[in-house]
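Q: for reference, the sequence and a predicted model appear below.
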Amino acid sequence: GQSLEQPSEVTAVEGAIVQINCTYQTSGFYGLSWYQQHDGGAPTFLSYNALDGLEETGRFSSFLSRSDSYGYLLLQELQMKDSASYFCALDGSARQLTFGSGTQLTVLP
Amino acid sequence: GAVVSQHPSRVICKSGTSVKIECRSLDFQATTMFWYRQFPKQSLMLMATSNEGSKATYEQGVEKDKFLINHASLTLSTLTVTSAHPEDSSFYICSAPRGISYNEQFFGPGTRLTVL
């Protein structure tokens, strides 16, 4: 099967940079996705890595290293509205997503 | 961007009754949709893959006779929780990829099911 591990909680202050790590075990996957979810809401797509390296989308960047079974999400210029849960997810052959346990990010003023 | 809707957003039912949840892709066709369940403070767990025109594929441990999935058209998938029990109370979310060239999946707003 597949499994992903993330830190359960991260706290940072407004304007700071935070990195959320994700390690995984899988026999194969197409890509690593990152989703944001506010309490009671739907997950929203942030970033996707099909290949090794860094993908940048505005304040968010994501990195993947297949050889290390590791990825991370980097959030820059943190804002209060970034307080949410962040999930890494493996994209399988049939486009099904296997989610990590989630990281609760708290941004302090 | 693409939109996926779910109905109802909240439902409260008595134990033993059945509840139907609809998932619609509003501006794109989805041959495949996915159903997830999320308990409070936990991750999303894939329950099943809904395929238009064929039977759904269920994940290990998910009872197919309890969670009936019908993908009636290219824009609609339904999940029916049959003979619901309090332990079925959860947040049910559907998602759909817009196409093979898109990495992003679009999630519905979710349905909060409470079984009394």
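A: Perfect, I can see it now.

Q: near chain A, which residues of chain B are found?
A: Within chain B, the positions adjacent to chain A are B:32, B:34, B:42-46, B:49, B:57, B:93, B:95, B:97, B:100, B:103-110, B:112 by C-beta under 8 Å from any C-beta of the partner chain. Every residue, glycine included, has its C-beta placed from N, CA and C.

Q: rerun at 7 Å
A: Neighbours of chain A within chain B, by C-beta under 7 Å from any C-beta of the partner chain: B:32, B:34, B:43-44, B:46, B:49, B:93, B:97, B:103-105, B:107-110.

Q: what about the residue nearest the centre of chain B, which SS state?
A: Geometric centre of chain B, nearest residue: residue B:35, 3.6 Å, by C-alpha atoms, centre = their mean. Following DSSP: H, G, I helix; E, B strand; the rest coil, residue B:35 is assigned to strand.

Q: so who does the spatially closest residue to it that is not a sequence neighbour touch?
A: Of all residues not flanking residue B:35 in the chain, residue B:47 sits nearest, at 4.6 Å (C-beta to C-beta, 6 or more residues apart in numbering or on different chains). By C-beta atoms under 7 Å, 6 or more residues apart in numbering or on different chains, residue B:47 lies in contact with B:35-37, B:59, B:62, B:67.

Q: change it to 8 Å
A: By C-beta atoms under 8 Å, 6 or more residues apart in numbering or on different chains, the contact list for residue B:47 reads B:35-37, B:58-59, B:62, B:67, B:79.

Q: secondary structure element for it, which one?
A: Per DSSP states H and E, residue B:47 falls inside strand B:44-51.

Q: and that strand, average pLDDT?
A: Strand B:44-51 shows a mean pLDDT of 95.

Q: distance between that strand and the chain's centre?
A: Distance, stretch centre to chain centre, for strand B:44-51: 7 Å (C-alpha atoms, centre = their mean, to the nearest Å).

Q: next one: stretch A:44-58
A: That offset, for stretch A:44-58, works out to 9 Å (C-alpha atoms, centre = their mean).

Q: that one near chain B at all?
A: Yes - against chain B, stretch A:44-58 shows contacts by C-beta under 8 Å from any C-beta at A:44-45, A:48, A:50.

Q: of the residues you listed, grab the buried ones for ChimeraX.
A: Here is the ChimeraX command that selects the buried residues among these (16 or more other C-beta atoms under 10 Å in any protein chain shown):
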select /A:45,48
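
Q: which of the residues of stretch A:44-58 next to chain B fall in strands?
A: Those of the residues of stretch A:44-58 next to chain B mapping onto strands are A:44-45, A:48, per DSSP state E.

Q: so where do the strands sit in chain A?
A: A:3-5, A:9-13, A:18-25, A:31-37, A:44-49, A:53-57, A:60-65, A:70-75, A:84-91, A:97-99, A:103-108.

Q: JSON lines for the ones you listed, including distance to residue B:14?
A: Shown next, in JSON lines, are the strands of chain A (distance: least, C-beta to C-beta, whole Å):
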{"stretch": "strand A:3-5", "distance to residue B:14": "37"}
{"stretch": "strand A:9-13", "distance to residue B:14": "37"}
{"stretch": "strand A:18-25", "distance to residue B:14": "41"}
{"stretch": "strand A:31-37", "distance to residue B:14": "30"}
{"stretch": "strand A:44-49", "distance to residue B:14": "34"}
{"stretch": "strand A:53-57", "distance to residue B:14": "46"}
{"stretch": "strand A:60-65", "distance to residue B:14": "44"}
{"stretch": "strand A:70-75", "distance to residue B:14": "42"}
{"stretch": "strand A:84-91", "distance to residue B:14": "31"}
{"stretch": "strand A:97-99", "distance to residue B:14": "31"}
{"stretch": "strand A:103-108", "distance to residue B:14": "33"}
